[in-house]
Every structure is written in C-alpha cells, then in structure tokens.
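Undergrad: any chance you could fold what I've pasted below:
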Amino acid sequence: MREKFYLTYPPVLVKEPILYLLTKKFNVVTNIRGANVSHDMGLLALEIEGAQEEIDQSVSWLREQGVTVEPIEKNVIE
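TA: Numbering: from 1, shown residues only. Okay, here's the model as predicted:
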C-alpha cells in the first residue's frame, strides 16, 4: 500500500529526526514529495509505503509525537 499525507510539525519538533525514527520503528518506506521547513514550522507532503497496518500505526505514532497528519486526496501531487 502507498498513502500520501500532509504533515505539519510544531516548532518544538522541527529539529527532531521524526522521519528517521518513524522508519526505524515501523516497517515503512517514506518519500518526501514536497517540504517547507522554517524555524517556526515544518510542512511536508509525505508518501508512506508499506503494509496497511504499518501505515496506520505510523500515522498514529506521528500524531502521538505532536505532528498534525492529514491525508492527501489522490492525484494532488502526482
């Protein structure tokens, strides 16, 4: 499975290696499709590939860390 999401990082998480930790913790492959990062906020368009259960757990974990996760409708960043 492959799903796409918009991630919004709060200022406290901008310097944290969230995607690295995500790929170490879950059996998923991430692909950054677009990004805008400043000192105050991080915005990413992220593709996550893996088993559906792993993707779901990844999204839950991101939200637990304080990242806002919103699904991207199909073909928006194709």
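Undergrad: what about this structure, any weak spots by pLDDT?
TA: In the predicted model, the chain carries pLDDT under 70 at residues 74-78.
Undergrad: where along this protein do the strands fall?
TA: 2-9, 28-37, 42-50, 68-71 (DSSP state E).
Undergrad: can you redo these as a markdown table with mean neighbour count and distance to Pro17?
TA: No exception for glycine: its C-beta is placed from N, CA and C like everyone else's. Shown next, in a markdown table, are the strands of the chain (neighbours: other Cβ atoms under 10 Å; distance: least, Cβ to Cβ, whole Å):
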| stretch | mean neighbour count | distance to Pro17 |
| --- | --- | --- |
| strand 2-9 | 18 | 12 |
| strand 28-37 | 13 | 12 |
| strand 42-50 | 19 | 12 |
| strand 68-71 | 12 | 17 |
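Undergrad: same list (these) but as CSV, adding distance to Leu22.
TA: Shown next, in CSV, are the strands of the chain (distance: least, Cβ to Cβ, whole Å):
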stretch, distance to Leu22
strand 2-9, 10
strand 28-37, 7
strand 42-50, 8
strand 68-71, 11
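Undergrad: how far off centre is the lengthiest helix in the chain?
TA: Using DSSP state H to define each element, the chain has its longest helix at helix 52-65. Using Cα atoms, centre = their mean, to the nearest Å, the mean C-alpha position of helix 52-65 is found 9 Å from that of the whole chain.
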